[in-house]
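Undergrad: when you get a sec, could you give me coordinates for this:
(one chain, ligands or ions: 2)
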Amino acid sequence: MKAAIIGVTGYGGAELVRILHQHPEVSIHSFHSSSQQGNRVIESYPHLQSITAQVLEDIHIEKIGNEADFVFLATPSGVAANLVPQLMNQNVKVIDLSGDFRIKNREVYKKWYKKEAAEEHWLNEAVYGLTEWLDTDLKEAKLISNPGCYPTATLLGLAPLVKNKLIDEKSIIIDAKSGVSGAGRNVSPVTHFSETNENLKIYKVNEHQHIPEIEQVLSGWNPGVRAVTFSTHLIPMTRGIMATIYASASIDTNIDQLFDLYRETYEGCYFIRIREKGTFPSTKEVYGSNFCDISLAYDERTNRIMVVSVIDNLMKGAAGQAVQNMNMMLGLDEKTGLDFVPVYP
Ligand SMILES: NC(=O)C1=CN([C@@H]2O[C@H](COP(=O)(O)OP(=O)(O)OC[C@H]3O[C@@H](n4cnc5c(N)ncnc54)[C@H](OP(=O)(O)O)[C@@H]3O)[C@@H](O)[C@H]2O)C=CC1
Ligand SMILES: CC(=O)N[C@@H](CCC(=O)OP(=O)(O)O)C(=O)O
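TA: Ligands and ions are numbered 1, 2, ... in the order given. As a prediction, the model looks like this:
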């Protein structure tokens with residue numbers, strides 16, 4: 001099978017190259033850029049020397065449609081909304097890493113992304129690709145909307161509690177931290193070295209575009225969940241997200257029951273690793289891998305459950321989950337080409 005990558009000069013695109021280079025069933029047929037056509041891929045990414053000698057092509061939809069089986073869109077929000085209808089006309093399957101097809105309500109997308117939403121028809125066609133919690137068979141899907149990085153860590157961490165109605169739906173607080181690669185390759189005043197180094201910064205307070213995505217999924221699982229408190233922080237590290245999630249238990253519970261629930265729920269999910277009781281994951285323990293590591297605590301004094309969920313934002317939070325979804329579309333083992341051991345230290 002042949003894949004095309006649009007937006008390959010960005011971090012998500014580069015990570016797709018790293019994964020697909022050693023995927024046994026899918027090869028990268030073409031690399032596309034909106035600004036650097038004619039340049040070699042290695043001019044953007046010298047670390048790919050010897051991996052590819054290919055040249056960046058422009059985004060010629062008809063040619064891509066004729067030549068590729070899959071297109072990965074690793075482009076900023078607003079781009080996929082325009083490209084997807086054209087690509088769908090070419091009968092090529094698309095996996096979009098951006099937020100353009102995640103939010104089903106067009107007005108909600110416009111409010112949080114401050115952009116026009118994609119066409120209703122294609123929003124309805126898009127399958128939300130939180131791989132462990134798919135509600136449809138991806139073999140039938142034409143368009144996959146890959147979840148956001150923070151929503152992936154958060155939703156995987158909260159699913160067992162929310163689906164089983166074990167927490168007070170109004171009590172959910174998600175305190176999340178991300179490495180700087182989460183903001184993409186372009187430097188901005190916020191991500192500049194001098195701003196991030198030796199600094200811890202809260203940002204987009206009550207305005208983060210992942211709030212409606214998290215609420216949409218949680219309320220689909222349990223209509224009692226309406227709104228969550230969600231805060232995001234930039235941490236001076238390159239990769240990784242930690243979501244520390246707090247909620248009040250709505251039933252009598254204890255830590256052993258909670259661990260049993262999480263182990264049973266995620267039994268058979270290779271990429272979800274429930275930690276030993278009393279230990280907590282750190283971001284480095286999933287660095288460069290597609291794992292989401294989760295642990296739990298229960299405080300009897302406050303009746304509060306705490307979930308700690310970590311991912312690599314560029315892997316399970318973006319390119320890794322995109323390839324996991326591609327594997328599901330192809331009917332392959334979800335691990336195919338993705339079984340990376342985390343890089344440590
Ligand atoms: N970084 C992360 O951890 C995560 C990112 N995402 C999402 O994935 C997508 C890609 O993210 P990331 O790789 O970090 O972003 P980057 O900013 O690093 O890269 C995005 C790439 O998109 C291309 N691009 C920009 N404008 C256009 C345009 N108008 N048309 C076509 N291509 C364009 C650029 O390449 P060129 O100039 O060569 O065309 C650019 O290199 C984004 O939507 C992001 O929000 C999702 C989860 C996690
Ligand atoms: C650290 C950092 O800045 N992270 C980005 C993640 C953006 C992203 O992935 O955007 P979409 O999922 O909406 O496409 C942010 O918080 O906006």
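Undergrad: which SS class is His233?
TA: strand (DSSP: H, G, I helix; E, B strand; the rest coil).
Undergrad: please name the residues that touch the nearest residue to it once chain neighbours are set aside.
TA: Distances taken as C-beta to C-beta, 6 or more residues apart in numbering place Lys177 nearest to His233, at 4.4 Å, with adjacent residues excluded. Placement of C-beta: from N, CA and C, glycine included. Listed by C-beta atoms under 8 Å, 6 or more residues apart in numbering, the contact set of Lys177 reads Thr232, His233, Leu234, Ile235, Ile241, Met242.
Undergrad: do you know how far the third one is from Asn313?
TA: Relative to Asn313, Leu234 is positioned 12 Å away (criterion: C-beta to C-beta, to the nearest Å).
Undergrad: can you report how many residues neighbour the closest residue to ligand 1 within the chain?
TA: Distance from ligand 1 to each residue of the chain (C-beta to the nearest ligand atom) is smallest for Gly10, at 1.8 Å. Residues near Gly10, counting by other C-beta atoms under 10 Å, number 21.
Undergrad: what of the one 3 residues further on?
TA: Close neighbours of Gly13, defined as other C-beta under 10 Å, add up to 26.
Undergrad: which one of Leu234 and Asn313 is surrounded by more residues?
TA: Using other C-beta under 10 Å, the more surrounded residue of Leu234 and Asn313 is Asn313, with 28 against 20.
Undergrad: what helix or strand does the more buried one sit in?
TA: Using DSSP states H and E, Asn313 is not contained in any helix or strand.
Undergrad: ok, it - contacts?
TA: Cys149, Ser178, Gly179, Ser181, Gly182, Arg239, Gly240, Ile241 are the contacts of Asn313 under C-beta under 8 Å, 6+ apart.
Undergrad: now for the third one, how many residues are close by?
TA: Meaning Gly179. Gly179 has 22 neighbours, counted by other C-beta under 10 Å.
Undergrad: now check stretch 88-100, is it near ligand 1?
TA: Yes - shown here: stretch 88-100 in contact with ligand 1 (C-beta under 6 Å from any ligand atom) through Leu97, Ser98.
Undergrad: same question, stretch 104-121
TA: No - for stretch 104-121, no contact with ligand 1 is found by C-beta under 6 Å from any ligand atom; the gap never falls below 10.1 Å.
Undergrad: flag every residue of the protein that's near ligand 1.
TA: So the chain meets ligand 1 at 6-7, 9-13, 33-36, 74-77, 79, 97-98, 148-149, 181-182, 184-186, 313-314, 317-318 (C-beta under 6 Å from any ligand atom).
Undergrad: mind redoing it with 5 Å?
TA: 7, 9-12, 33-36, 74-75, 79, 97-98, 149, 182, 184-185, 313-314, 317-318 (C-beta under 5 Å from any ligand atom).
Undergrad: just the buried residues out of those residues, in PyMOL syntax.
TA: Here is the PyMOL command that picks out the buried ones among the residues of the chain next to ligand 1, judged by 16 or more other C-beta atoms under 10 Å:
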select buried, resi 7+9+10+11+12+33+36+74+75+79+97+98+149+182+313+314+317+318
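Undergrad: so which of the residues of the chain next to ligand 1 are also by ligand 2?
TA: Checking the residues of the chain next to ligand 1 against ligand 2 (C-beta under 5 Å from any ligand atom), the matches are Ser98, Gly182.
Undergrad: quick check: can you list the domain ranges of the chain?
TA: 2-125, 150-312 (automatic domain parsing).
Undergrad: dump the ones you listed to a markdown table, plus mean pLDDT and distance to Asp339.
TA: Formatted as a markdown table, those follow (pLDDT from 0 to 100; distance: least, C-beta to C-beta, whole Å):
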| stretch | mean pLDDT | distance to Asp339 |
| --- | --- | --- |
| domain 2-125 | 97 | 10 |
| domain 150-312 | 97 | 8 |
